[in-house]
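> Provided below for reference: sequence and predicted model.
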Amino acid sequence: MTGSSFFVSAPGKVIIFGEHSAVYSKPAIAAALSLRAYLLVSPNENIDEITLKFPDINLSYVWNKHDIPWEEIRKFQTFEKGRPLPTEELVPEIVDKITSLLDDCKSTTHFTTCLSFLYLYSHLCEEDTPGHVFCIRSTLPIGAGLGSSASTGVCLAAALSVLTKKIDTPTVTINQKAAKDENHQLDFIDAWSLMGEKCFHGNPSGIDNAVATFGGAVMFQRVSAPAQPSIRTTMRNFPSIKLLLTNTKIPRSTADLVGGVAKLNSLYPKISSPILDAMGNLASEAYQIMTRPVFGDEELKTLKELVNINHGLLVALGVSHPTLEKVKIIGDLSKIGATKLTGAGGGGCAITLVDENVSSETIQTTISEFKKEGFESFDTSLGGKGVALLSADSEDDIKLFSVENFSTLDGRAAIENTIGTNGTTKWKYW
Ligand SMILES: Nc1ncnc2c1ncn2[C@@H]1O[C@H](COP(=O)(O)OP(=O)(O)OP(=O)(O)O)[C@@H](O)[C@H]1O
Ligand SMILES: C[C@@](O)(CCO)CC(=O)[O-]
Ligand SMILES: [Mg+2]
């Protein structure tokens, strides 16, 4: 696909049950969101230059592709049938080489974002790959528990794989996309996006990038034995539960929160182990309920109980935040349903499983109360499609594919209306 511009998009996710315990190989349940990241890849005027324009996080960098230590990196890389193989862990020597290109990074966020990009670029591209401009925009809140890092990593892994023909371009529209269990192209994107997530936060379970790659809803379990793939069970008849998503807007870093739980685990293993076990059992119980042929009042009642228990266990692990507790208190007092934090916690988002019989007025009043606290509630839907590609097929698309236009789109609605995957058959799926 060299020579022409193209877009790649991947969804964010909501973890319904099992954040943090997923890192410790317990089962967890998550679903893709309708909010997504969009990456525009456009040929650079100077083919020696690789340009990153990530306006959502005020990031703008240019590297000369010949400055990447290609030979050093290749020494540590393994290939299978001509395709690079991801490793168990990040290769420290490669991280070290890439870090030498990042002296002028202004913040930890910029450093990890550039590291993630260059790690994927130096493995998936070659020195003679023509330089491109990479511009990402997201309709997801960033660093808020909805998998913005994973959707970014999936977009990058897919785009770089397409650019260098490591995978084929997709041909199937949303209406033709059929669920199938074997998909080597998606497996390749998933495996490399996990390497991107490792750059973002060290020890990811892989659940976020799996959902961003495959879409839909899954029960996911990391396998603790080395070199074993995670277990991903697609939940095809995911019940249509009403979910309210509320962002406290408190910034936090997934890396720090995952690190905090690891510390607790090493200090008090006998206390944290049963908590993590309980979370895993809870996700398994929820799976049984969510996959029953009929999902009625009884099932919703049990699921709400499990949501409340899961939140309590996450509090015990130290990953809540006073503002998340405020969302929970307001939600509980308004009797709209059951609320828990979602994602890494420490701020960011909470989900409320809304009761079927709650009136829309009560929901609106509760949303107004959240607003008074400075929180934002989202209207979004679950079970969205996974990673997708859009290429220019007419003269009209030229303006749409301009980096200048895309990078300056103002806000979520402008991005959705201009390039959104909803209601269009232009996007193609693997
Ligand atoms: N639109 C974007 N542009 C550039 N970088 C992004 C974008 N979205 C996410 N990122 C990267 O992901 C980081 C946030 O990832 P982090 O894992 O901390 O939170 P999250 O993925 O939103 O939440 P969680 O991991 O709990 O689901 C940002 O600091 C940035 O490095
Ligand atoms: C906190 C965590 O469980 C979910 C972050 O969305 C981390 C992970 O599973 O990689
Ligand atoms: Mg993340």
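Noted; the coordinates are in hand. Ligands and ions are numbered 1, 2, ... in the order given.
> roughly how far apart are whichever residue of the stretch 101-250 of the chain sits closest to ligand 3 and ligand 2?
Using Cβ to the ion, the closest approach of the stretch 101-250 of the chain to ligand 3 is made by Ser149 at 3.3 Å. Where C-beta positions appear, they are placed from N, C-alpha and C, glycine not excepted. Per Cβ to the nearest ligand atom, to the nearest Å, Ser149 is found 8 Å from ligand 2.
> these two touch, right, that residue and His201?
Yes: between Ser149 and His201 a contact is recorded at 7.1 Å, counting by Cβ atoms under 8 Å.
> and these two? which has more neighbours close in?
Neighbours were counted for Ser149 and for His201 using other Cβ atoms under 10 Å; Ser149 has more, 30 against 21.
> list the contacts for the closest residue to ligand 3 within the stretch 251-400 of the chain?
Closest contact between the stretch 251-400 of the chain and ligand 3, by Cβ to the ion, is at Thr254 (4.4 Å). Taking Cβ atoms under 8 Å, 6 or more residues apart in numbering, we find Thr254 in contact with Gly143, Ser149, Phe200, His201, Gly343, Ala344.
> what's the lowest-pLDDT member of the residues you listed?
Across those, the smallest pLDDT goes to His201, namely 87.
> Let me know how buried Pro269 is, in neighbour terms.
Counted with other Cβ under 10 Å, residues neighbouring Pro269 total 11.
> okay, how far is it across stretch 81-92, tip to tip?
Start and end residues of stretch 81-92 are separated by 25 Å (Cα to Cα, to the nearest Å).
> in the stretch 151-300 of the chain, which segments are predicted with low confidence?
Residue ranges of the stretch 151-300 of the chain with pLDDT under 70: 179-181.
> Residues of it that sit close to ligand 3?
Residues of the stretch 151-300 of the chain found near ligand 3 (Cβ under 5 Å from the ion) are Thr254.
> just the strands in the stretch 151-300 of the chain please.
Secondary structure of the stretch 151-300 of the chain by DSSP state E, counting those that start in this stretch: the strands cover 217-221, 231-234, 243-247.
> ok so Lys97 is a helix residue?
Yes: the assignment for Lys97 (DSSP: H, G, I helix; E, B strand; the rest coil) places it in a helix.
> That one - nearest residue in space that isn't next to it in sequence?
Leaving out its chain neighbours, the residue that sits closest to Lys97 by Cβ to Cβ, 6 or more residues apart in numbering is Pro69, at 4.6 Å.
> Now tabulate the strands of the stretch 151-300 of the chain in CSV and tack on distance to Asp393 and mean neighbour count.
Shown next, in CSV, are the strands of the stretch 151-300 of the chain (distance: least, Cβ to Cβ, whole Å; neighbours: other Cβ atoms under 10 Å):
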stretch, distance to Asp393, mean neighbour count
strand 217-221, 31, 23
strand 231-234, 31, 14
strand 243-247, 34, 23
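> Compile those into TSV and extend it with columns for distance to Ser138.
Below are the strands of the stretch 151-300 of the chain laid out as TSV (distance: least, Cβ to Cβ, whole Å):
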stretch	distance to Ser138
strand 217-221	21
strand 231-234	24
strand 243-247	13
